[in-house]
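Engineer: sequence first, then the predicted structure:
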Amino acid sequence: MPHKVSLSRLKLTDFRNYAAAVLALDGRHVVLTGDNGAGKTNLMEAVSLLSPGRGLRRAAYGDITRVGAPGGFSIFAVLDGIEGEVEIGTGIETDEETTARRLRINGTPAKTADELTDHLRLLWLTPAMDGLFTGTSSDRRRFLDRLVLSLDPAHGRRASDFERAMRSRNKLLDEGRFDPSWLAGIEEQMASLGIAMALARQEMLGLLTRLIDETRESSPFPSASLQLAGFMDGQFSRPSVDLEDEYAAMLAESRYRDAGAGRTLEGPHRADLIVHHREKAMEAERLFGPAE
Ligand SMILES: Nc1ncnc2c1ncn2[C@@H]1O[C@H](COP(=O)(O)OP(=O)(O)OP(=O)(O)O)[C@@H](O)[C@H]1O
Ligand SMILES: [Mg+2]
C-alpha cells in the first residue's frame, strides 16, 4: 500500500489574502467552506506549492505575495510524509520578479524542488481544469506528466533536460550551424531522454488502464480508454535502444525541415493524451458537453 501522506500544520505569511494564518490538521479529510473570495482556493494553492512547479494557478510568485506586504510570502508545513515527519518551508523574500522560490526541508536549503517528491507527491483536479479534454494538448501533457511524476520523480528532470537539449538544437538550426557531430551529440541526448519520457508515460497509462479495468464494473462513472498519440505511435513494445536509435535517426533526417519550421517537429513534446468514452467509443472532447 502506498504511504498515506497527511498535513498536520500549515502556516502562511503574506500569502494571497492571508497576512498570517495557521491551520492545525489531524490527517482526516478537510472540507473548506466560506464565501466567494474568502480564500479557500488560496489555501489549496498554498498546499500545491509543496510540490515542484508553480502550483495550481501557475501564478507568478510576485502575484502570490499579499498586496501591501513589506516582503515576500512564506508557507511552512509540517506533514507526515513518505519518509516520516518532515517540515517544509518555501517562499520568496521580496516581492521582486523572481522565477525561483526558496525551499527548506527540515531546515536545510534544498538544492532542487524535486527533493519535495521524496516526501510527498501531489495531484490536483480543479474546476478550472474542466477544459482538460477540450483544451490544448499541452495542458493534457502537463496533466499526464504530473501523474507520471507522482510515481517517478526523475520524470521532471528528464523533461527539463530534454527541453534544454531541444532548445540548443533549435538554436543551432536557427543559426544555420549544421555541424553534424555537434548536432548528433545533442540529438543522441534528446533521444535517450525523449524515449525515457515516452516510456514513463506509457507505463503510467498502463497502470491507469489496469485500474480502470478493475473498477469498471463497480464504478458509477463512464469508463475511459486512454492512449498516447503523436510520437512514435504503437511502437513502445520495442526495445528502448531501438527506439532511441530510431528517434535519433528521425532527428538527424529532419534537421533541414525543423530549421525551416523553427522548431523540432517530432518528439515527446508533441505527444497527446487521447481519452475515449469506452462504452460509447467516442472521444471525450466530443462528449464533454454540459451533461457529462
Ligand atoms: N496577492 C494577493 N494579495 C491579497 N489578496 C489577494 C491576492 N491574491 C488574491 N487575493 C484575494 O484572494 C481572494 C480570492 O481567494 P480565493 O480564490 O481563495 O477565494 P475562494 O474562497 O476560493 O472563492 P470562490 O468561492 O469564489 O472560489 C480575493 O478576494 C482576492 O482579492
Ligand atoms: Mg475558489
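Structural biologist: Thanks, I have the structure now. Ligands and ions are numbered 1, 2, ... in the order given.
Engineer: for the rest of this, base every contact and every neighbour count on C-alpha atoms.
Structural biologist: OK.
Engineer: ok, the residue of the stretch 101-250 of the chain found nearest ligand 1 - how many residues close by?
Structural biologist: With distances taken as C-alpha to the nearest ligand atom, the stretch 101-250 of the chain approaches ligand 1 most closely at P127, which sits 9.6 Å away. Summarising burial for P127: neighbours were counted as other C-alpha atoms under 10 Å, giving 8.
Engineer: over to it: give its phi and psi.
Structural biologist: Torsion angles at P127 (phi, psi; degrees, to the nearest 10) stand at phi -60, psi -30.
Engineer: quote the end-to-end distance of stretch 247-265.
Structural biologist: With C-alpha to C-alpha, to the nearest Å applied, stretch 247-265 spans 12 Å between its terminal residues.
Engineer: need the contact partners of it.
Structural biologist: Surrounding stretch 247-265, the residues in contact under the criterion C-alpha atoms under 8 Å, 6 or more residues apart in numbering are 166, 170, 173-174, 176, 183-184, 187-188, 190-191, 195, 266-267.
Engineer: just the CA atoms of stretch 169-183, as CSV, please.
Structural biologist: Output of stretch 169-183 as CSV, limited to C-alpha atoms (Å, rounded to 0.1, in the frame of the first residue of the first chain):
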residue,chain,number,x,y,z
ARG,A,169,19.3,22.1,-31.2
ASN,A,170,16.7,24.6,-32.3
LYS,A,171,19.1,27.4,-31.8
LEU,A,172,21.9,25.7,-33.8
LEU,A,173,19.5,25.0,-36.6
ASP,A,174,18.1,28.5,-36.5
GLU,A,175,21.6,30.0,-36.8
GLY,A,176,22.3,27.7,-39.7
ARG,A,177,25.1,25.9,-37.9
PHE,A,178,24.7,22.4,-39.3
ASP,A,179,27.7,21.0,-37.5
PRO,A,180,26.9,17.2,-37.8
SER,A,181,28.9,16.0,-34.8
TRP,A,182,27.6,18.7,-32.5
LEU,A,183,24.0,18.1,-33.6
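Engineer: hang on, P109 packs against E115?
Structural biologist: No: in this structure, P109 is not within contact of E115 by C-alpha atoms under 8 Å, at 10.3 Å.
Engineer: more neighbours: these two, which one.
Structural biologist: Remark: of P109 and E115, E115 carries more neighbours, 16 against 13, as counted by other C-alpha under 10 Å.
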